[in-house]
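In: Just a sequence and a predicted model for now, questions to come.
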Amino acid sequence: MEQLFSLLDSTIRVATPLILAAMAGMFSERSGVVDIGLEGKMLIAAFASAAAAFTTGSPWIGMLAGIMASVSMAMVHAFVSVTYNGNQLISGMAINTIASGITPVLGLAWFQQGGNSPQLPDEARFHEITLPFADALRDVPVLGQVYSKLISGHSILVYLTVLIIPLVSWVVYKSRFGLRLRAVGENPHAADTAGVSVARVRYISLFWGGVLCGMAGTFLSVYQTGSFIKEMTAGKGFLALAALIFGKWRPVPAVIGCLLFAFADAVQIRLEGVAIPGIGQIPSQAISVIPYVLTVLLLAGFVGRAVAPKAIGVPFVKSR
Amino acid sequence: MPRWAQLTVLPALNLMAALLVTGLVTWFIGEDPWECLKLLVHGAFGYGEGIGYTLFYTTGFIFTGLAVATAFHAGLFNIGGEGQAYLAGLGVTLVVLAFDHTLPPIVLVPLCILAAMGFGAAWAFIPGWLQARRGSHIVVTTIMFNFIAYSLMLYLIGHHLIEAGSQNPTTREFGQNAWIPALHQVAAGMGVTLPSTPLNLTFVMALLACALFYLIVWHSRWGFQLRTVGVNESAARYAGMDVGKTIIIAMCVSGALSGFAAINELLGSTHRMNVAFTNGVGFVGIAVALMGRNHPVGIILSALLFGALTQGGLELSFEKPVITREMIIFIQGLIILFCGALENLFEPFIAGLFKRKDDK
């Protein structure tokens, strides 16, 4: 029981940045702009937030800096993809490469610690929050335990993420903006005829994507490790992209994908070096590879079929 | 705007823009950009050994650049060069570990090259097949295949190929039969003394590959198919070309070319395989192909630029500890941005200049 709780607890921890990034990707891709730059935006946000939090001593200013850094990258992507009608994939690739280059360069110049940031002092980090009555309910079987061990004791960013999921879902499916978002991603010419500015919708979507990626990056550095480490995103942006595809570009299924991948990750860490009766040791790589294999199978339509928004990756050129 | 200007002035301006931003960042972190540039150029071209290393790095970049370009000509963006080179390394290693004490070099080395091409092509074949026959997007699939390759190799090297008793995840050293002769050894045989560097005969193969690439892409029936599919798939289909087959073959050729990067590194330089031997060579290929505008001459020049940046950057980091390998990655990113995503950014301004000249 105790083990199950710790397993689920780390699932939530690992899933949070994935969910934020996947939601970011959804905004962008639902509006018709491919976003393989999630990884880079997260990385640059992780660096900017750690640097700002270290300098000012405030995690909130850190998060603001992280969001600003990520949004500025998103705006570069928007400029290329929307204003300039350039190649969105190449632009995303450029963002990833720029981020993994610039963060250690600035980190080394500012902090002289091999490209990493110094360990953040306690007050500059986000901390676990103990929800009311969590301690009192600790001994109540099941419900009390779930409340105090699983629901309580996470960072504020986790709770924010929990609020963001229904919000995103509402925005995409129920709001006026969401309707435009989906229209622009499926058939921009029709949306344009109806008087919707395709460029505006795409810019706004990428902006919010930038904000969410900024939060995801902040989670990694200012909360999880308490410092920036070179290449600390380590493929999480791509994992989020995989989850987004897994969820067929829909918010709730994408979140489930993130939780699933995070659960696999939590299991993998616990299985390291443990022999399973009848099977023997499972190499950790065999588990870490699951999300990627799953994504490939899914895209190929061997298990279900993931169909992308129709206008994805195609620059919109207004007909004259 | 005349075509020659499109092929020379625009890439030059894009490169300048990327270098300008780099210079600004260098200045921002408190170093003198001009001095750094001088150190870098000296490190890359200032002395014999530097030139040797520059050309050694160039060799790998030419191959991955050609690999990316092949896919680009078919309208595909192959991000998987890294994984394909990685798997090619596995092919080479398996052949070497099995035969390096039994087969003579004249048989073993070609066998290794075939293995590298085969494994690289096979790793690219799957995404190509999935794109052509199942419609899954090549970019996402190749990204995923990079991660899968990484996990697979980590497992194989860590559990099976690791040298017995070694703490580091590397294979044993390859037998001398599998070494590709370094250029300075070949030159010594002809009585010429060159500084000792890992630059090896793979470099000659790279130049040959460029010539072949030119002939095949622009002067063969298949090359015409390749470019037609890349420019307009429907037109290609209407003309009776087998689009799916062309896509699959293009990906296989692309993977096979990436495989040569592994040959250069493993048989030419390190003579053993470790987990990080590709070191981003596949990703550099993207920048090389974009900057070289998918033409072999452009690819040789931009591969040379990246070879110089890699070697010169290493030298520079000895002098200026603040400037590390990551600065080169940053430049690479800027070049992908300016030469790839924003390739025609300056066209309106330049086109204006040419127009005015024509009017007079």
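Out: Received the coordinates, thanks.
In: Around whichever residue of chain A sits closest to chain B, how many other residues sit close by?
Out: Residue nearest to chain B within chain A: residue A:101 (2.9 Å; C-beta to the nearest C-beta). The C-beta positions use only the backbone N, C-alpha and C, and glycine is treated the same way. Number of residues near residue A:101 (other C-beta atoms under 10 Å in any protein chain shown) recorded here: 24.
In: right, and it touches residue B:330 too?
Out: Yes: taking C-beta atoms under 8 Å as the definition, residue A:101 is a contact partner of residue B:330 at 2.9 Å.
In: chain center to stretch A:113-132, what's the gap?
Out: The gap between where stretch A:113-132 is centred and where its chain is centred comes out at 19 Å by C-alpha atoms, centre = their mean, to the nearest Å.
In: which residues of the stretch 51-200 of chain A fall in helices?
Out: A:59-78, A:88-111, A:143-145, A:156-174, A:176-186, A:188-193, A:198-218 (DSSP state H, counting those that start in this stretch).
In: Out of the ones you listed, which gets the lowest mean score?
Out: The stretch with the lowest mean pLDDT among these is helix A:143-145, at a mean of 76.
In: List the buried residues in that one.
Out: Across helix A:143-145, burial judged by 16 or more other C-beta atoms under 10 Å in any protein chain shown covers residue A:145.
In: Which residues does that helix contact?
Out: A:1, A:5, A:137-138 (C-beta atoms under 8 Å, 6 or more residues apart in numbering or on different chains).
In: What of stretch A:100-107?
Out: Applying C-beta under 8 Å, 6+ apart, the external contacts of stretch A:100-107 come out as A:40, A:43-44, A:46-47, A:51, A:113-117, A:228, A:230-231, B:25, B:29, B:323-324, B:326-333.
In: how about the spatially most central residue of chain B, what does it touch?
Out: Nearest to the geometric centre of chain B sits residue B:64, at 2.4 Å (C-alpha atoms, centre = their mean). Applying C-beta under 8 Å, 6+ apart to residue B:64 gives the contacts B:81, B:85, B:257-258, B:261, B:281-282, B:284-285, B:288.
In: what about 10 Å?
Out: B:78, B:81-82, B:84-85, B:254, B:257-261, B:278, B:280-289, B:299, B:303, B:306 (C-beta atoms under 10 Å, 6 or more residues apart in numbering or on different chains).
In: how many other residues sit next to residue 293?
Out: All of this refers to chain A. Neighbour number of residue A:293 under other C-beta under 10 Å is 16.
In: nope, chain B
Out: 20.
In: Residue in chain B with the shortest distance to chain A?
Out: residue B:330 (2.9 Å).
In: contacting residues for that residue?
Out: By C-beta under 10 Å, 6+ apart, the contact set of residue B:330 is A:97-106, B:18, B:21-22, B:25-26, B:324.
In: and the strand or helix carrying it, average pLDDT?
Out: Per DSSP states H and E, residue B:330 falls inside helix B:325-335. Taken as a whole, helix B:325-335 carries a mean pLDDT of 89.
In: any idea how far that helix is from the chain center?
Out: The chain centre lies 15 Å from the centre of helix B:325-335; the measure is C-alpha atoms, centre = their mean.
In: Next: stretch A:30-44.
Out: The answer for stretch A:30-44 is 9 Å, by C-alpha atoms, centre = their mean.
In: try stretch B:116-124
Out: The answer for stretch B:116-124 is 15 Å, by C-alpha atoms, centre = their mean.
In: next one: stretch A:289-301
Out: Mean-position distance between stretch A:289-301 and its chain equals 19 Å (C-alpha atoms, centre = their mean).
In: That one and chain B in contact?
Out: Yes: under the criterion of C-beta under 10 Å from any C-beta of the partner chain, chain B is reached by stretch A:289-301 at A:289-301.
In: Just the mean pLDDT for that stretch, thanks.
Out: Rounded mean pLDDT across stretch A:289-301 is 82.
In: In that stretch, which of the residues would be classed as buried?
Out: Buried residues in stretch A:289-301, counting neighbours by 16+ other C-beta under 10 Å, are found at A:289-300.
In: Kind regards, and thank you for your time.
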